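Visitor: coordinates only, sequence not included:
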């Protein structure tokens with residue numbers, strides 16, 4: 001899969017607020033699918049699984065089976081790649097503008 005196609009999947013996964021909330025839950029540590037269903041009790045299990053599938057396809061969640069339980073783990077590396085490509089460069093540029101502004105104001 002091309003880098004562009006993978007980035008598209010990541011952006012698609014991050015576009016939905018419920019999926020972002022799921023990732024927030026997984027930041028604290030892995031959760032079983034059942035635990036995520038309890039956390040998001042306003043959604044049925046099938047809907048939770050559909051959201052998890054999108055997150056897995058984007059590489060943001062890694063699922064591991066342990067007996068009858070399915071443990072979902074956050075993989076933040078794809079988000080870091082997006083940050084490095086899209087945000088880091090702009091943040092550096094913004095900081096240089098602020099540095100120039102500060103120098104101009106002090107002069």
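Guide: Nice, thanks for sending it over. Note that the structure is predicted; figures quoted are calculated from it, not measured.

Visitor: show me what the lowest-mean-pLDDT helix or strand in the chain packs onto, helices and strands only.
Guide: Taking mean pLDDT, DSSP states H and E as the measure, the helices and strands of the chain show their lowest mean at helix 88-106, namely a mean of 80. If contacts are counted by 3 or more Cβ pairs under 8 Å, 6 or more residues apart in numbering; DSSP states H and E, helix 88-106 sits against no helix or strand. Just so you know, the C-beta spots here come from the backbone N, C-alpha and C atoms, and that holds for glycine as well.

Visitor: any buried residues in that helix, and which?
Guide: Within helix 88-106, no residue qualifies as buried by neighbour count (16 or more other Cβ atoms under 10 Å).

Visitor: in this structure, what spans have low per-residue confidence?
Guide: Applying pLDDT under 70 to the chain picks out no residues at all.

Visitor: do a quick rundown of the helices in the protein.
Guide: Along the chain, the segments classed as helices by DSSP state H run 3-15, 17-27, 33-39, 45-57, 77-82, 88-106.

Visitor: could these be laid out in CSV, adding distance to residue 70?
Guide: Shown next, in CSV, are those (distance: least, Cβ to Cβ, whole Å):
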stretch, distance to residue 70
helix 3-15, 18
helix 17-27, 13
helix 33-39, 5
helix 45-57, 9
helix 77-82, 20
helix 88-106, 34
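
Visitor: and residue 65, which of these is closest to it?
Guide: helix 33-39 (10.3 Å; Cβ to Cβ).

Visitor: buried stuff in that closest one?
Guide: 33, 36-37.

Visitor: helices or strands up against it?
Guide: Partner elements for helix 33-39 (3+ Cβ pairs under 8 Å, 6+ apart): helix 17-27, helix 45-57, strand 69-74.

Visitor: all good on my end, thank you.
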